[in-house]
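Asker: Structure for this input, please:
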Amino acid sequence: MVAKGRPEPPMGLLRRLDAGARAGFPAFFTAFLIILAAVPVGAPGLMAAVSLPGIFFWTIFRPAAMPAPVVFLLGLLQDLLSFTVLGSGVLTLLIVHGLALRWRDILVRQSFLATWLIFCAFAAGAAGLGWALEMLLGWHIAPAAPGLHQFGIAVGLYPALAWALTRLHTAMRRAEAAL
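Answerer: Okay, here's the model as predicted:
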């Protein structure tokens, strides 16, 4: 039953800015990680290994903040910064996003270990697809080592990133509940 009384006042500028910042945080944080991973450290596949956990996590826990057009732009940023064949990162990330979104109802109820194991399967598929697209679109036989490095780094980074992103997600939920 809805209590009668005065209507809620319209959101002020600061509340709208806060809501916009919370809505855009997942995309901007993932873009920041991609740009940070672009620093040349000699680890092949680092950008893809950093973007994959972010997109997977936010697609499961905040799907409205990680829509397909944002994933497309993040994949394009990844492709441009890594000098790979344009479109391979975009397609890989969009497929991961679509599958994670489709299985979101199941994944959101799983334990961390189950989610991590499922992410390992996603990372293996993404590394294999990226390798195949590199060969197909680049018209050359690509070495498998960068794809294996991407897989290993993504699987190894996921627990630390998921821990940090879970804390951020919880803080954003608390802020939304306080409004």
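Asker: Please report how far residue 97 lies from residue 136.
Answerer: Using CB to CB, to the nearest Å, residue 97 is found at 21 Å from residue 136. C-betas here are computed from N, CA, C, even on glycine.
Asker: no wait, residue 147
Answerer: If you measure residue 147 against residue 136 using CB to CB, the figure is 14 Å.
Asker: More neighbours: which of those two?
Answerer: Regarding residue 147 and residue 136, a neighbour count based on other CB atoms under 10 Å identifies residue 147 as having more, with 22 against 12.
Asker: If I look at that one, what pLDDT would I see?
Answerer: For residue 147, the model assigns a pLDDT of 80.
Asker: Which positions in whatever helix or strand it lives in come out as buried?
Answerer: Secondary-structure assignment from DSSP states H and E places residue 147 in helix 145-178. Of the residues in helix 145-178, those buried under the neighbour-count criterion (16 or more other CB atoms under 10 Å) are 146-151, 153-155, 157-158, 161-162, 165, 168-169, 172.
Asker: Ok, stretch 99-109 next?
Answerer: When neighbours are counted by 16+ other CB under 10 Å, the buried residues of stretch 99-109 are found to be 99, 100, 101, 107.
Asker: And these, which is closest to residue 61?
Answerer: If you rank the buried residues of stretch 99-109 by distance to residue 61 using CB to CB, residue 107 comes first, at 9.1 Å.
Asker: Ramachandran angles for the residue lying closest to residue 162 once chain neighbours are set aside?
Answerer: Spatial nearest neighbour of residue 162, excluding adjacent residues (CB to CB, 6 or more residues apart in numbering): residue 57 at 5.8 Å. Backbone dihedrals for residue 57, given as degrees, to the nearest 10, come out at phi -60, psi -50.
Asker: hang on, residue 57 packs against residue 165?
Answerer: Yes - A contact is recorded between residue 57 and residue 165 when judged using CB atoms under 8 Å, the distance being 5.0 Å.
Asker: any idea of the pLDDT on residue 18?
Answerer: Residue 18 is assigned a predicted lDDT (pLDDT) of 79.
Asker: oh, I was asking about residue 110
Answerer: Value for residue 110, per-residue pLDDT: 90.
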